[in-house]
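> Make a model of this:
(one chain, ligands or ions: 1)
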Amino acid sequence: MDKKQQTPAPGKTFWRLIKYVYHVSPASLIISFISVIIAAGSTVIGSLFIEQVIDRYITPMLKEKTANFAPLAHAILLMAGVYAIGLVASYLYTLLMMLLSQRVQRQIRNEMFTHMQRLPIAFFDQNEYGDIMSRYTNDIDTLMQMISQALPMFGNSMFTVVFVFFGMLYLSWQLTIVAVIVVALSIGIVKYLTKKSGYFFDLQQKKVGEVNGFNEEMLNGLKVIKVFSHEKYAEADFDRYNEELREASGNANTFATILFPIMGNVGNLLYVLIALIGGAAVLAGSLPLTVGAVASFMQLSKAFIMPIAQISQQLNSIVLAIAGAHRIFAVLDEKVEVDDGQVTIAEKPGVKNAWQWQVPENGGTKAVPVKGHITFDHVNFGYVPGKQILYDISLDAKPGMKVALVGETGAGKTTISSMINRFYEINSGTISYDGIDISDIQKDSLRQSVAIVLQDTHMFTGTIMDNIRFGRPDASDDDVYQAARLARADEFIHELDDGYETVIDGSGSDLSQGQLQLLSIARAMIADRPVMILDEATSSIDTRTERLVQSGMDNLLAGRTSFVIAHRLSTIVNSDLILVLDHGHIIEAGNHDQLLAKKGYYYELYTGKKEIQ
Ligand SMILES: Nc1ncnc2c1ncn2[C@@H]1O[C@H](COP(=O)(O)OP(=O)(O)OP(=O)(O)O)[C@@H](O)[C@H]1O
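Below you'll find the predicted structure:
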């Protein structure tokens with residue numbers, strides 16, 4: 001992600017988040033806000049009532065011989081009513097914010113997922129999988145925790161502190177000064193403890209990441225660990241990470257939990273102090289205070305200290321969540337793939353699987369048949385600025401031609417194939433498809449006209465039938481069987497207990513690498529596109545099966561333009577054009593016989609004088 005985006009502007013991110021939450025449900029946020037104020041207000045009003053109850057009812061009653069309890073009961077009922085309203089308001093905002101946080105969570109997940117699908121492949125080259133995943137999980141979790149808990153608690157504490165302050169001021173400014181001095185002194189303790197716990201909470205997050213990362217790596221590499229008997233070392237390393245995590249969590253929680261008992265005692269101290277000073281003042285008559293006002297003030301002073309501790313603690317969660325929100329917004333702000341192509345692809349009316357380009361012309365569109373003629377004209381490319389990978393590549397793959405790309409590892413074969421469907425944007429030169437510059441073709445349409453079989457045979461959780469049908473969702477069952485037969489996958493599928501209905505998991509771990517390759521060939525076959533790219537499509541298939549697949553593949557490739565990358569030269573000898581690549585340059589081009597006659601690089605490769613590394 002953009003380096004500039006990594007320095008968060010907390011205030012900006014906070015307001016952006018609030019706006020986001022507001023848009024999800026304005027009513028929930030507004031009602032919660034009002035409820036927070038009512039809940040905070042009821043605490044203060046309830047405490048102030050004590051003054052009334054004592055001074056207006058209890059004290060006069062003590063002086064009367066026959067006491068009438070009715071007005072007192074009425075006042076107490078009123079006080080209970082105020083507290084009850086506060087209780088309902090608390091319940092309301094807690095519930096609303098919890099529900100709101102879940103709706104926000106659903107929306108963010110949806111938006112992130114949809115956005116991620118539209119990001120260019122280059123984004124995934126530059127960002128680690130684990131990092132992207134942690135935005136989906138950890139960051140969304142901290143955000144939800146903030147919306148459902150920290151934010152309403154923070155708001156409630158803030159309003160409580162302000163209301164209590166004015167309540168105290170109303171009762172006695174002199175006692176308010178005493179309370180403020182005690183609070184000012186205790187803020188030092190709060191700051192110290194929250195800083196310490198904040199530091200250790202950050203550390204704890206980091207350590208959780210390390211433990212998870214280590215775990216993931218070890219699980220992925222479990223076989224290698226066993227092969228080299230490295231279990232003991234792995235365990236020792238894991239122990240170390242785990243212990244560091246325990247230590248950080250222990251420290252974070254020690255400082256966090258000690259805060260409340262300390263502040264509780266500061267609250268008690270203030271309570272006693274107010275009782276002493278207030279009581280003495282009433283007795284001496286030195287301050288214009290009543291017994292009721294002192295009692296009320298004592299109650300308020302208790303409600304003054306705790307919110308201050310809470311504010312500083314919730315502030316920690318809010319800061320953490322803002323950092324998370326920033327990382328989430330950074331993904332959402334990533335620019336999606338640029339697609340200003342106007343040319344689209346469509347099936348020829350009434351003819352199945354006959355495709356044509358719809359080229360805009362004079363306000364309407366002109367239909368051009370899709371033939372599969374691909375040309376590269378002086379193409380230069382690098383994945384990152386300053387590091388060129390392809391140099392001045394020119395090629396002409398006429399419709400129906402089989403073009404082979406040969407060269408050492410890292411020569412740029414896959415890179416050339418990734419240019420055809422615009423996984424990346426070239427730096428200069430032109431690539432055209434049926435005479436149309438591919439940058440004028442809508443990406444979706446372009447990709448619909450190119451099928452790729454990669455060495456990475458990723459499957460999705462589902463049945464074998466679904467996975468083959470992935471290539472063309474409207475394919476019939478018979479189309480699937482036909483494609484599987486052509487790809488020679490049919491045989492092994494029948495040997496599985498549930499045949500085509502066998503459920504495979506996303507990692508494809510229940511099938512062999514070769515079987516997965518057969519499935520991915522079947523998936524590409526069913527897609528039935530005019531241009532095919534086969535990138536080491538048969539590298540894990542044994543040579544006998546490969547020969548069988550080859551015959552099916554030749555049927556499939558007949559009449560289509562194909563680009564074949566293969567280390568086994570036997571697969572490509574019958575190509576119409578073989579391009580030999582070296583460090584991003586085409587150094588030889590021709591068919592098998594021409595290249596052999598040349599006695600150059602290809603000749604050396606073929607005769608085994610030189611090996612593809
Ligand atoms: N996503 C990427 N980001 C940056 N550099 C990359 C990326 N993919 C490949 N490269 C680099 O581009 C060069 C060409 O890689 P490419 O995968 O095209 O080679 P190849 O000829 O297909 O190799 P192989 O036979 O091993 O598949 C290599 O130096 C590689 O490190």
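
> Give me the next element, helix or strand, following the one helix or strand Leu332 maps to.
Assigned by DSSP states H and E, Leu332 falls within helix 291-333. Moving toward the C-terminus from helix 291-333, the next helix or strand (DSSP H and E) is strand 344-347.

> Parallel or antiparallel, list what pairs with that next one.
Strand 344-347 pairs in its sheet with strand 355-361 (antiparallel), by DSSP bridges.

> Next, count neighbours for the residue of the stretch 101-250 of the chain found nearest the ligand.
Nearest residue of the stretch 101-250 of the chain to the ligand: Asp125, at 3.9 Å (CB to the nearest ligand atom). From N, CA and C alone the C-beta is placed, and that goes for glycine too. Under the neighbour criterion other CB atoms under 10 Å, Asp125 is assigned a count of 11.

> Kindly give the local confidence score, pLDDT, for it.
The per-residue pLDDT reported for Asp125 equals 80.

> these two touch, right, it and Tyr383?
Yes: the pair Asp125 / Tyr383 is scored as a contact, 6.7 Å apart, by CB atoms under 8 Å.

> what kind of secondary structure is Ile541 in?
coil (DSSP: H, G, I helix; E, B strand; the rest coil).

> Now the element after the helix or strand of the chain with the lowest mean pLDDT, going C-ward?
Here the helix or strand of the chain ranked lowest by mean pLDDT, DSSP states H and E is helix 543-557, holding a mean of 71. Proceeding N to C from helix 543-557, the next assigned helix or strand is strand 561-565, under DSSP H and E.

> and that next one, what does it pack onto?
strand 402-407, helix 413-420, strand 531-535 (3 or more CB pairs under 8 Å, 6 or more residues apart in numbering; DSSP states H and E).

> mean confidence for the longest one?
Confidence over helix 413-420 (mean pLDDT, whole number) is 91.

> and the one residue in the stretch 201-350 of the chain that gets nearest to the ligand, backbone torsions?
Residue nearest to the ligand within the stretch 201-350 of the chain (CB to the nearest ligand atom): Glu337, separated by 15.3 Å. Main-chain dihedrals, Glu337, degrees, to the nearest 10: phi -50, psi 130.

> tell me, how many neighbours does Asp490 end up with?
18.

> Kindly apply the preceding question to Ala522 instead.
Neighbour number of Ala522 under other CB under 10 Å is 30.

> Which helix or strand contains it?
Assigned by DSSP H and E, Ala522 falls in helix 513-527.

> can you give me the offset of that helix from its chain's centre?
30 Å (CA atoms, centre = their mean, to the nearest Å).

> buried set for it?
514-527 (16 or more other CB atoms under 10 Å).

> Next: stretch 80-91.
Result for stretch 80-91 [16+ other CB under 10 Å]: buried residues 82-83, 85-86, 89-90.

> In JSON lines, list those residues along with pLDDT and distance to the ligand.
Formatted as JSON lines, the buried residues of stretch 80-91 follow (pLDDT from 0 to 100; distance: CB to the nearest ligand atom, whole Å):
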{"residue": "Val82", "pLDDT": "90", "distance to the ligand": "65"}
{"residue": "Tyr83", "pLDDT": "91", "distance to the ligand": "63"}
{"residue": "Ile85", "pLDDT": "95", "distance to the ligand": "61"}
{"residue": "Gly86", "pLDDT": "93", "distance to the ligand": "59"}
{"residue": "Ala89", "pLDDT": "95", "distance to the ligand": "55"}
{"residue": "Ser90", "pLDDT": "94", "distance to the ligand": "53"}
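
> out of the buried residues of helix 513-527, who's nearest the ligand?
Gln517 (14.9 Å).
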